[in-house]
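**Student:** please work out how this folds:
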Amino acid sequence: LHADPNLLYAPADGTVIGIDRVERPWFLERPAWRISVFLSVFDVHVNRCPSRGRIVALRDLDGGFAPALDFRRSHANRRREIAIESSQGPFLVVQVAGLLARRIVGWVGPGDSIAAGQKLGMITFGSRTDLLVPVDAGEPRMAKGRHVTGGQTPVARWL
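**Tutor:** Coordinates of the predicted model:
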């Protein structure tokens, strides 16, 4: 993949189920766009880095296993939040466990340099992966309902 540094790519294979605004997510601490990709049991469950950068921090949060498609109930699901700093700005990848997906596997750690499209980890059997980018630094470039390929389909661009 020849990654365009002005774009952010899908963090996973799946269907874009939501594009919304989140007020103050961890690490970013300012309004951000959240692009949510649902991984069905038929999708590849590897999560990939949307843009070149460096892993700044990781945070594992324990929680439940509500269906990942249900935003109201899944906000308290088990998750791993990966804070990444790029030359264009900070962004966050959130791996969300689902009803069947109960295990989150990570392959990167703080201080690691990572390329766009490089593997971050995986979630087993149906889950959701969110990409959060600050409203003042980037904008979504994808429509809800579209199928995307992790590390290949552009879903946002830096401003």
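
**Student:** would residue 73 count as being in a helix?
**Tutor:** Yes: assessed with DSSP: H, G, I helix; E, B strand; the rest coil, residue 73 lies in a helix.

**Student:** any idea how far it lies from residue 157?
**Tutor:** Separation of residue 73 from residue 157 (Cβ to Cβ, to the nearest Å) stands at 31 Å. In short, each C-beta sits where N, CA and C put it, glycine included.

**Student:** repeat for residue 18
**Tutor:** 18 Å.

**Student:** so what's residue 157 up against?
**Tutor:** Taking Cβ atoms under 8 Å, 6 or more residues apart in numbering, we find residue 157 in contact with 6, 7, 8, 138, 139, 141.

**Student:** right, I mislabeled it, should have said residue 59
**Tutor:** Residues in contact with residue 59 (Cβ under 8 Å, 6+ apart) are 26, 27, 80, 81, 83.

**Student:** enumerate every residue touching residue 60.
**Tutor:** In this structure, residue 60 makes contact with 79, 80, 81, 104, judged by Cβ under 8 Å, 6+ apart.

**Student:** what's residue 19 sitting at in phi/psi?
**Tutor:** phi -140, psi 110 (degrees, to the nearest 10).

**Student:** quick one: pLDDT of it?
**Tutor:** As predicted, residue 19 sits at a pLDDT of 97.

**Student:** what segments of this structure are strands?
**Tutor:** Counting by DSSP state E, the segments of the chain that form strands are 7-9, 14-22, 32-39, 46-48, 53-61, 79-85, 90-96, 104-106, 113-114, 119-123, 127-134, 138-140, 147-148, 154-158.

**Student:** return the most buried member of those strands.
**Tutor:** Highest mean neighbour count of these: strand 127-134, a mean of 27 (counted as mean count of other Cβ atoms under 10 Å).

**Student:** just the C-alphas of it, formatted as CSV.
**Tutor:** In CSV, the C-alpha atoms belonging to strand 127-134 read as follows (Å, rounded to 0.1, in the frame of the first residue of the first chain):
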residue,chain,number,x,y,z
SER,A,127,-17.0,-6.7,17.0
ARG,A,128,-16.6,-3.0,16.3
THR,A,129,-13.5,-0.8,15.7
ASP,A,130,-13.8,3.0,16.0
LEU,A,131,-11.5,5.6,14.5
LEU,A,132,-11.6,9.0,16.3
VAL,A,133,-10.0,12.1,14.8
PRO,A,134,-10.3,15.6,16.2
